[in-house]
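Asks: From the sequence below, what's the structure:
(one chain, ligands or ions: 1)
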Amino acid sequence: MIATERTNWAGNVTYHAASLARPSSVSEVRELVASTPRLTALGSTHSFNEIADTDAVQVTLAGLPPVLEIDTARRVVLVAAGMTHAQVASGLEARGWALANLASLPHISTAGAVATGTHGSGVRNPSLAQAVVGLDVVRASGDVVHVAGDRPDAELDAHRVALGALGIVTAVELAIEPTFQVATTVHLDLPWDAVESQFDAVMSDAYSVSMFTSFDDRGARQVWTKHRVDEPAPTIDLVALGARTATGPVHPGENDPAGVTEQGGVPGPWSERLPHFRSSFTPSTGAEIQAEYLLPAASAVPALRALRPLAGLFAPILIAAEVRTIAPDTAWLAPSSERQSVGVHFTFRRDVEAVAAAVERIEDVLAPFDPRPHWGKVSAATPERLHEAYPHLARFAALARELDPAGRFRNPFLERVLA
Ligand SMILES: Cc1cc2nc3c(=O)[nH]c(=O)nc-3n(C[C@H](O)[C@H](O)[C@H](O)COP(=O)(O)OP(=O)(O)OC[C@H]3O[C@@H](n4cnc5c(N)ncnc54)[C@H](O)[C@@H]3O)c2cc1C
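Replies: Predicted coordinates for the structure are as follows:
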């Protein structure tokens, strides 16, 4: 057990856990669960809120041996839940296989990303949780259960995005496909009129597209077009729409681009193009705070228009806002559950009070668009608001009570959200 004061990656949450357990095998996880009244799984600490905190015991799976077993016939890979996407992606790529999508940072743990409905971008790409075809979960009793799509479907859909509430996930089976190449091209300063009139066309012009903005007069100050080279080439001429082609690498926050994945239209493996940041680049603590809302895709343009008057409020604290698209998920609690979505994401400087004030304003402005806050990021949403945003939340809370009647996996975050 480790008992030092620790924080999340961004440094904005100090964990209250009395100790951090680091089992080295699934049997040790089972013994730990059976003998500990309250415990919470901790992934790679990349969430920006208290979702992975507890006043009892945190448990990391980073000490379990890595596993990466490919079943080529089923097109499935079995991975140890604590492995990062970078580890999984490099192992798959080396064997000629791929995941359909990745988040912007590859250093995030597989189970942690799945537990919060983490996503990348792409009109045909659902969240990373949708790639889960099965998982092993240690229940409150200490028993291990394999939940898969061949059991009643709802069971897997409840477990895909489970916020740590249904047990400790020790292994995940993910759908894979043959490796593919991606080429990233960046354009600068796409004017607002083009963003508004061509939004759907631009976002669906390639496998994965992201727009970055400060909501100021520059419009979309960067458009990252990630083209899968085995698909037809993008057809939208962003230069004709008023943008400029970037002549060198750019960072989404207009910082030093040393850590960004290769741009300039150079094809490379999916694992080194779909994340915005290189797996070989090691970010230490973040000194940033993120908030993100997923809205119905049809609300993208009016929502962006509604946020533009906040540019002055954002100016001192916003590093970058990113706009992405996400295809519908079947997971009950995915922010993109059952609807084609647009994600509006904010990376702020780590100024806790100023960010809290900005988040309240953002949530007021986005309220008419039925926003769903990202589970791993900061939000001012009340439990009542979360129940409105997530229609399956009450059903999920009932399942959590049924599977964990003594509240072994409850932490203060879940007490509030599942109340
Ligand atoms: C720089 C940065 C970039 C990001 N980019 C994106 C992005 O592109 N897209 C996006 O959607 N999000 C993004 N995020 C958010 C991030 O993906 C989520 O916060 C994610 O949950 C973090 O995973 P983690 O492993 O750090 O989990 P933690 O923050 O440690 O935990 C999150 C949740 O997962 C649960 N959990 C972890 N491991 C297990 C387990 N083994 N069994 C059961 N439950 C478990 C925890 O109990 C908790 O509920 C980003 C975050 C950062 C810091």
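
Asks: Ends of stretch 361-371, what's the gap?
Replies: 13 Å (CA to CA, to the nearest Å).

Asks: Which positions within it qualify as buried?
Replies: 362-363, 365-366, 369, 371 (16 or more other CB atoms under 10 Å). Bear in mind the C-beta positions are built from the backbone N, C-alpha and C, glycine included.

Asks: now stretch 59-77
Replies: For stretch 59-77, by 16+ other CB under 10 Å, it's 59-62, 64, 67-68, 70, 76-77.

Asks: hmm, that stretch touching the ligand?
Replies: Yes. Judged by CB under 6 Å from any ligand atom, stretch 59-77 comes into contact with the ligand at L61.

Asks: what does that stretch contact?
Replies: Contact partners of stretch 59-77, identified using CB atoms under 8 Å, 6 or more residues apart in numbering, comprise 20-26, 29, 32, 39-44, 78-83, 87-88, 91-92, 95, 97, 109, 111, 133-134, 168, 170-171, 173-177.

Asks: what does the stretch 251-400 of the chain put close to the ligand?
Replies: 286, 290, 374, 376.

Asks: Could you single out the nearest of those residues to A406?
Replies: Nearest to A406 among these, counting by CB to CB, is G376 at 25.9 Å.

Asks: and the nearest residue to A381 once chain neighbours are set aside, what are its bridge partners?
Replies: Spatial nearest neighbour of A381, chain neighbours left out: P373 (5.1 Å); criterion: CB to CB, 6 or more residues apart in numbering. Taking DSSP bridges as the rule, P373 bridges to Y293.

Asks: residues touching P373, list them.
Replies: Neighbours of P373 in contact, by CB under 8 Å, 6+ apart: 291-293, 335, 363, 379, 381, 386, 389.

Asks: mind checking how far A154 is from S197?
Replies: For A154, the distance to S197 (CB to CB, to the nearest Å) stands at 41 Å.

Asks: Could you do R30 as well?
Replies: Taken as CB to CB, the span from R30 to S197 is 57 Å.

Asks: Neighbour count for those two, which is higher?
Replies: R30 (19 against 13; other CB atoms under 10 Å).

Asks: before we move on, what SS does that one have?
Replies: For R30, the secondary-structure state derived from DSSP: H, G, I helix; E, B strand; the rest coil is helix.

Asks: which non-adjacent residue is nearest it?
Replies: That would be G142: by CB to CB, 6+ apart, it lies 4.5 Å from R30.

Asks: Counting neighbours, what do you get for that neighbour?
Replies: By the criterion of other CB under 10 Å, G142 has 18 neighbours.

Asks: any idea which element the residue of the stretch 101-250 of the chain found nearest the ligand lies in?
Replies: Of all residues in the stretch 101-250 of the chain, G112 sits closest to the ligand, at 2.0 Å by CB to the nearest ligand atom. Using DSSP states H and E, G112 maps to helix 110-116.

Asks: Quick check: what element follows that helix along the chain?
Replies: Scanning forward in sequence from helix 110-116 by DSSP H and E, the next helix or strand is strand 132-138.

Asks: in its sheet, what does that following strand sit against?
Replies: Counting by DSSP bridges, strand 132-138 is paired with strand 144-148 (antiparallel), strand 168-175 (antiparallel).

Asks: hmm, the shortest one touching the ligand?
Replies: No. Among the residues of strand 144-148, none lie within reach of the ligand under CB under 6 Å from any ligand atom; the closest is 12.0 Å away.

Asks: for this structure, longest helix please?
Replies: Across the chain, the longest stretch assigned as helix under DSSP state H is helix 352-366.

Asks: Against which helices or strands is that helix packed?
Replies: strand 288-296, helix 300-307, helix 311-314, strand 341-349 (3 or more CB pairs under 8 Å, 6 or more residues apart in numbering; DSSP states H and E).

Asks: Mean pLDDT, distance to M211 and mean neighbour count added to these, as CSV?
Replies: Formatted as CSV, the helices and strands packed on helix 352-366 follow (pLDDT from 0 to 100; distance: least, CB to CB, whole Å; neighbours: other CB atoms under 10 Å):
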stretch, mean pLDDT, distance to M211, mean neighbour count
strand 288-296, 97, 14, 24
helix 300-307, 98, 9, 18
helix 311-314, 97, 15, 16
strand 341-349, 97, 10, 24
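
Asks: To E272, which of these lies closest?
Replies: E272 lies closest, by CB to CB, to one member of the helices and strands packed on helix 352-366: strand 341-349, at 21.7 Å.
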